[in-house]
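Chemist: give me coordinates for this.
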Amino acid sequence: MRLALNKEWAVGARIGGGGFGAVFEAEDTAGEKAAVKLVPKAPGTEREMLFTDLDGVRNVVPVIDSGEHEDQWVLVMPRAEKSLRDHLEEHGRLPLDEAVAVLIDVAETLADLKDREIVHRDLKPENILLLGGRWCLADFGIARYAEATTANHTFKFTGTFAYMAPERWNNQRATSASDIYALGVLAYELLEGAPPFTGPYEHDYQDQHLHGTVPPLTTAPPLLAALITECLFRAPQGRPAAGNVLARLGQIPAVPLSGGLAALAQANQAAVARQAEADRLASAHATEADRRKALLEAATTSHSFIADALLTALTNAAPSAEVRKGNLGGWTVRINDAQLTLSGPKENTEVWSTPSTPAPFDVIASATLSLQVPANHHGYGGRSHSLWYADAKTEGQYQWFETAFMSTPFRPVTGTTDPYALNPHHESRTAISPTMGMHQVAWPFTPLALGDLDEFIERWAAWLAQAANGRLAHPSHMPERNPQGSWRT
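Modeler: Numbering: from 1, shown residues only. Modelled structure (predicted):
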């Protein structure tokens with residue numbers, strides 16, 4: 001393939017690429033070797049997004065030609081000797097002096113970028129190239145382009161997971177502090193042979209960056225270990241600025257300190273480590289609150305879909321039914337003496353799990369679906385089921401589950417409703433634990449998948465019809481369906 005840009009380039013074999021472009025070797029008519037990156041065009045991502053004015057910024061891979069070809073933007077860069085990733089795969093962890101030299105090259109770039117208020121957003125070994133004897137940062141604009149081409153939460157292509165700052169996992173804006181965090185990850189990797197957090201899956205990386213403890217550095221001298229620890233603070237405002245990092249890297253001694261200076265450096269490292277742990281705990285508390293807030297919003301939204309789907313189906317089949325709207329999207333449908341009520345979602349603020357009596361899964365919110373009739377001559381007045389927004393089946397995967405409870409046969413409790421709903425609290429926790437309590441699970445934890453509610457709707461419609469006709473009876477056996485294995489333990 002030949003490309004006619006400001007120069008004419010003959011494009012050869014593919015030599016690399018990632019999620020947002022492929023890289024090929026190229027040569028112009030004068031024999032100049034180069035690398036050509038082809039980036040797909042996407043709606044809302046103009047060519048200018050891929051470029052940043054980097055004149056005067058040290059240690060960057062320049063764009064020497066550019067243009068477009070068919071449905072792709074074209075970036076032409078000098079052909080580098082290798083990437084830092086290639087170098088690490090060839091040599092493993094680096095000696096201290098070489099690692100510091102790499103970090104100084106990158107820190108110089110970040111210091112110049114900070115002065116220009118430019119954020120790289122995707123610092124990692126794949127984007128650091130050896131060019132002219134210096135380690136240079138490449139792919140400026142690609143991260144910004146990627147953010148514009150995808151939803152914000154999908155901008156986590158695989159190679160980036162290990163280097164993403166905590167605020168990025170919380171979908172906050174990238175700043176120069178985010179680049180400093182990535183530099184801290186890089187420094188750790190150069191010295192230890194692997195980044196501090198290794199996943200392997202996206203949700204693992206997210207949890208590790210937000211809540212995990214950075215494993216101790218085993219090879220870094222105290223001054224460098226303290227610096228890396230500070231770069232990896234969860235709170236962006238606690239990380240050092242790029243200029244400070246650069247100055248401190250220049251003070252890393254070529255030979256170990258001794259005597260009083262060594263003792264002072266070790267004391268400083270210990271103080272920074274204590275600060276890092278306090279920072280981790282504070283960040284974990286804040287991010288947990290943010291996480292639960294976001295999950296509650298998701299629970300409320302999905303509850304409204306379930307509520308609307310069930311109500312629409314019931315009123316389409318029984319248009320003369322009396323309907324009353326309740327709080328938070330809840331409602332009541334009444335036909336004859338039968339009354340079916342769905343409550344709105346309620347945030348779970350009761351004691352569900354404690355260190356001494358942990359619960360097997362997490363519950364964010366709950367609601368109740370209750371069918372009531374006048375009590376018959378046996379005293380039976382209907383049934384109610386719990387709806388819990390929880391990760392009851394797979395850790396970290398939240399959705400609404402339907403379940404219900406019954407009194408244990410050994411300690412029967414007289415009531416008009418059977419089975420019955422319970423909020424997530426200590427009594428319902430014992431129902432799902434090996435401990436014998438007042439309650440047992442009477443209905444398996446059944447996921448309510450949006451778009452696949454037919455069985456759920458059909459079942460409650462049938463019960464409502466029985467109730468409206470005076471034929472709703474106590475279940476012939478309890479539990480009605482075997483609940484064993486329907487929640488994780």
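Chemist: now the residue nearest to the spatial centre of the chain: which helix or strand?
Modeler: Nearest to the mean C-alpha position of the chain, by Cα atoms, centre = their mean, lies residue 206 at 4.9 Å. Using DSSP states H and E, residue 206 falls within helix 202-211.
Chemist: which strands and helices sit next to that helix?
Modeler: When contacts are defined as 3 or more Cβ pairs under 8 Å, 6 or more residues apart in numbering; DSSP states H and E, helix 202-211 sits against helix 166-169, helix 259-317. Every C-beta, even on glycine, is put in place using the N, C-alpha and C of the backbone.
Chemist: sorry, back to before: per-residue pLDDT, the closest residue in space to the residue nearest to the centre of the chain that isn't next to it in sequence?
Modeler: Nearest residue to residue 206, sequence neighbours excluded (Cβ to Cβ, 6 or more residues apart in numbering): residue 169, at 4.9 Å. With respect to pLDDT, residue 169 has a value of 88.
Chemist: contact partners for residue 169?
Modeler: 205, 206, 209, 210 (Cβ atoms under 8 Å, 6 or more residues apart in numbering).
Chemist: so it versus residue 375, what's the distance?
Modeler: 53 Å (Cβ to Cβ, to the nearest Å).
Chemist: which phi and psi does the residue of the chain positioned farthest from its centre have?
Modeler: Within the chain, residue 377 marks the point farthest from the mean C-alpha position, 54.1 Å out by Cα atoms, centre = their mean. When quoted as degrees, to the nearest 10, the phi and psi of residue 377 stand at phi -70, psi -10.
Chemist: same question for residue 401.
Modeler: Dihedral angles (degrees, to the nearest 10) for residue 401: phi -120, psi 140.
Chemist: hey, what's it bridged with?
Modeler: Following DSSP bridges, residue 401 is listed with bridge partners residue 388, residue 447.
Chemist: quick check: mean pLDDT of stretch 336-354?
Modeler: 92.
Chemist: got the buried residues for it?
Modeler: Neighbour counts over stretch 336-354 (16 or more other Cβ atoms under 10 Å) mark 338, 339, 340, 341, 342, 343, 344, 345, 346, 347, 348, 352 as buried.
Chemist: mind checking the end-to-end distance for stretch 214-223?
Modeler: Stretch 214-223 has an end-to-end distance of 17 Å (Cα to Cα, to the nearest Å).
Chemist: what about the protein, any weak spots by pLDDT?
Modeler: 17-20, 43-52, 143-159, 254-257, 283-287, 411-414 (pLDDT under 70).
Chemist: domain map for it?
Modeler: 2-256, 302-468 (automatic domain parsing).
Chemist: can you lay out those as CSV showing distance to residue 271?
Modeler: Converted to CSV, those look like this (distance: least, Cβ to Cβ, whole Å):
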stretch, distance to residue 271
domain 2-256, 8
domain 302-468, 29
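Chemist: nearest to residue 272, of these?
Modeler: domain 2-256 (4.3 Å; Cβ to Cβ).
Chemist: quick one, phi psi at residue 36?
Modeler: According to degrees, to the nearest 10, residue 36 has phi -110, psi 130.
Chemist: hey, what's it bridged with?
Modeler: residue 24, residue 76.
Chemist: burial count for residue 115?
Modeler: Other residues within reach of residue 115, judged by other Cβ atoms under 10 Å, total 13.
Chemist: in whatever helix or strand it lives in, which residues are buried?
Modeler: Residue 115 is part of helix 96-116 when elements are defined by DSSP H and E. Neighbour counts over helix 96-116 (16+ other Cβ under 10 Å) mark 96, 99-100, 102-114 as buried.
Chemist: for it, packing partners?
Modeler: For helix 96-116, the elements it packs on are strand 134-137, helix 176-192, helix 242-249, judged by 3+ Cβ pairs under 8 Å, 6+ apart.
Chemist: what helices and strands are in contact with the longest one?
Modeler: The one in question is helix 176-192. By 3+ Cβ pairs under 8 Å, 6+ apart, helix 176-192 packs against helix 96-116, helix 166-169, helix 222-231, helix 242-249.
Chemist: now it: how far from the chain's centre is it?
Modeler: Centre-to-centre, helix 176-192 and its host chain are 20 Å apart (Cα atoms, centre = their mean, to the nearest Å).
Chemist: just to revisit the earlier point, right, and the helix or strand after the helix holding residue 115?
Modeler: Next element after helix 96-116 (DSSP H and E): strand 128-131.
Chemist: contacts for that following strand?
Modeler: 61, 78, 80-85, 87, 102, 106, 135-138, 186.
Chemist: what is the nearest of the residues you listed to residue 392?
Modeler: Relative to residue 392, and with distances defined as Cβ to Cβ, the nearest of the contacts of strand 128-131 is residue 186, at 39.1 Å.
Chemist: cool, thanks, signing off.
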